[in-house]
Structure formats: C-alpha cells, structure tokens
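Novice: coords below, sequence missing:
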C-alpha cells in the first residue's frame, strides 16, 4: 500500500507489518532540502500510529542513500530559519538547530525515537547529514561498495546526531572526526560502525529478511528492548551531544573559511568546492572509480 499524496521528497509504503520510507530525490542523490526532514518525521509518525506496522525500513531511491545536506546555491533554502536582513543570525540558527519542531536534525532523529525498530538499507553515497541520519537507525545494513563518511569534518559542519561517536568508541571516533575520511560499507561493518555489509544484489533481500524476522516478534517486546538500549545511551549523554553538535555545526558554517567555501560553491558550483576540499585527500568524489560507489547500483521504489 502506498500513501504519498502529502509527500514531495519521500515515498511511504506499507507491506504486511513493514513500513518503508524511501528518500525520493534520486537525481540529486537524495540530498537533504526542505521539506525532507519534516516529511521523514511525518512518515515515521504515521508508521508509529499504524497498529499494523511493527518495523520501519529507510532507504534511498536511485544510486545513493543520501549525499548529505544540499548546499548548492549557498544553502539559501534555509534562509528564513538562519538569517535576518540577509545576514547569518546566530540566535536564529541556535533556536533552529535545537527546537524539536524546527530542527532538521531533530526531525530526522525521529527514527531514533520511534518505539518501533528501524532498519537503514544503505547504498551508494551515505555522507554528511545522510550518514548522521542512517546511523540513527537501530540496525544498519549497507552494500559493500557504499561510501559512508563525514566530509564536513574538513569544512562546513560538525557531527549532528552523535551516532558516529557512540557507535565507534573513542579511538576510532577521534580518527574519523579529525580526518573526515570515508569508509566503504565493508569497512564500516568491520569497524563496528554498522551491523552488516553485503553485495549490492543482496542488500534489499537481506534487509527484507531481517525486517520479517523482527516483525515476527511481539511489538511490545521490540519496543521494550529498543527503549532500554536507547536510554542506556541517553544516560551516557547522547541527548546533550545532539544539542551541542548542531550548534557547533552552525558556527562551522559561518567561519571565514566556511564562508569562502560556500562562496566558491555559489560561484563555481558544488563540484569546484568539493574538489578543493577533498582533492588533497583523494577520496569521496575525488577518489579513483574503484573507491566510489558503483553508479549502476540503483534502487527503484
């Protein structure tokens, strides 16, 4: 069953006891723009309210899960929430970054807060805010050639959901936070960042089988186990990290270096900006073809 009249950027489907939320901006690699975060939250709430649904799957249409926040054109699609009289307003940004009703980070974290378990099926690019979103799921399965990373560690951002920190632990978290280097799906599974990596052809069948196994367990049991694990991490300070991260992200988007970076993206295009950022490291879009996702690996909703 598909119910999508209210959605512009996601597809919501229910089959049996499983709801699937598909990010649906395939030509833009499912980059995050409004109203995507609010629509993800609305779809999650719909699944939570549906007594027939026990498990939620999130995925991306086309050749990527999500290539992060779209900063093409200078990020002006968020101007009403971030600027006053054409200038960055740190007071507005702070409120926008932390308010549950407004913050894209908080809206995407609806999958963390859902009492029903969420499985992320990751393929292609899963970077920046897209990785923060995917790692907020309860279980993450990726294709071997997926690329998962936070290039914003180098410029124009900061960890948003905190999931990189809590999933990796101190030693590896520092390494990836300071370098911004990416992992393949296979490397992410080996590092313990995600649960499992499989060849792309096996991704959807693997996620479907996992979702069916979870759906066979009483929903109250699933909710209880998710709640106790989530609260263990909340007690370690996760919520505080999720408040601090978006505030720092706002600051890092407005340093002199960051303003020059976004001006370059506006003037010469996003590709020029990311070439300058990632070229010295030879990764992400600047990596050789064998270290980038296979563009023929496409998910069709």
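Specialist: Perfect, thanks for sending it. Quick caveat, the model's predicted, so the values are computed rather than measured. Numbers count the residues shown, from 1 in each chain.

Novice: Let me know the distance separating the residue lying farthest from the centre of the chain from residue 92.
Specialist: Farthest-out residue of the chain from its mean C-alpha position, per Cα atoms, centre = their mean: residue 85, at 30.7 Å. The gap separating residue 85 from residue 92 is 11 Å, by Cβ to Cβ, to the nearest Å. Yep, even glycine has a C-beta here, placed from its N, CA and C like the rest.

Novice: How about residue 258?
Specialist: Noted for residue 258: a distance of 17 Å to residue 92, by Cβ to Cβ.

Novice: Quick one: the strands in the stretch 51-200 of the chain, in order.
Specialist: Ranges of strands in the stretch 51-200 of the chain, per DSSP state E, counting those that start in this stretch, are 55-60, 83-84, 87-88, 118-122, 125-127, 139-143, 147-149, 183-184, 196-198.

Novice: of all these, which lies closest to residue 215?
Specialist: Ranking those by distance to residue 215, with Cβ to Cβ as the measure, places strand 55-60 first at 5.0 Å.

Novice: The closest one to strand 139-143, inter-axis angle?
Specialist: Angle, strand 55-60 to strand 139-143, by axes from the mean of the first three to the mean of the last three Cα atoms, to 10 degrees: 40 degrees.

Novice: in its sheet, what does strand 55-60 sit against?
Specialist: Sheet pairing for strand 55-60, assigned by DSSP bridges, gives strand 18-23 (parallel), strand 118-122 (parallel).

Novice: Deepest in the core, which of the ones you listed is it.
Specialist: strand 118-122 (a mean of 27; mean count of other Cβ atoms under 10 Å).

Novice: quick revisit: in CSV: the strands paired with strand 55-60, plus distance to residue 276 and mean pLDDT.
Specialist: Formatted as CSV, the strands paired with strand 55-60 follow (distance: least, Cβ to Cβ, whole Å; pLDDT from 0 to 100):
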stretch, distance to residue 276, mean pLDDT
strand 18-23, 27, 98
strand 118-122, 27, 99
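
Novice: Redo those as CSV? Include distance to residue 59.
Specialist: Shown next, in CSV, are the strands paired with strand 55-60 (distance: least, Cβ to Cβ, whole Å):
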stretch, distance to residue 59
strand 18-23, 5
strand 118-122, 4
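
Novice: which stretch among these comes nearest residue 248?
Specialist: Using Cβ to Cβ, the strands paired with strand 55-60 put strand 118-122 closest to residue 248, at 24.3 Å.

Novice: What lies in contact with the closest one?
Specialist: Outside strand 118-122, the residues within contact range by Cβ atoms under 8 Å, 6 or more residues apart in numbering are 44, 55-60, 65, 111-112, 133-143, 146, 148, 185, 194, 203-204, 207, 210-211, 214, 299.

Novice: Just the buried residues of those residues.
Specialist: 44, 55-60, 65, 111-112, 133-143, 146, 148, 185, 194, 203-204, 207, 210-211, 214, 299 (16 or more other Cβ atoms under 10 Å).

Novice: closest to residue 239 out of the strands of the stretch 51-200 of the chain?
Specialist: Nearest to residue 239 among the strands of the stretch 51-200 of the chain is strand 118-122 (18.0 Å), distances taken as Cβ to Cβ.

Novice: What residues does residue 219 make contact with?
Specialist: By Cβ under 8 Å, 6+ apart, residue 219 lies in contact with 54, 116.

Novice: Could you report the distance from it to residue 40?
Specialist: 21 Å.

Novice: how about the helices of the stretch 151-300 of the chain, start to end?
Specialist: Using DSSP state H, counting those that start in this stretch, the helices of the stretch 151-300 of the chain run over 163-168, 170-179, 185-191, 200-215, 219-234, 238-252, 256-268, 270-278.

Novice: so residue 125 sits right up against residue 297, yeah?
Specialist: No. The pair residue 125 and residue 297 fails to qualify as a contact (Cβ atoms under 8 Å) at a distance of 10.9 Å.
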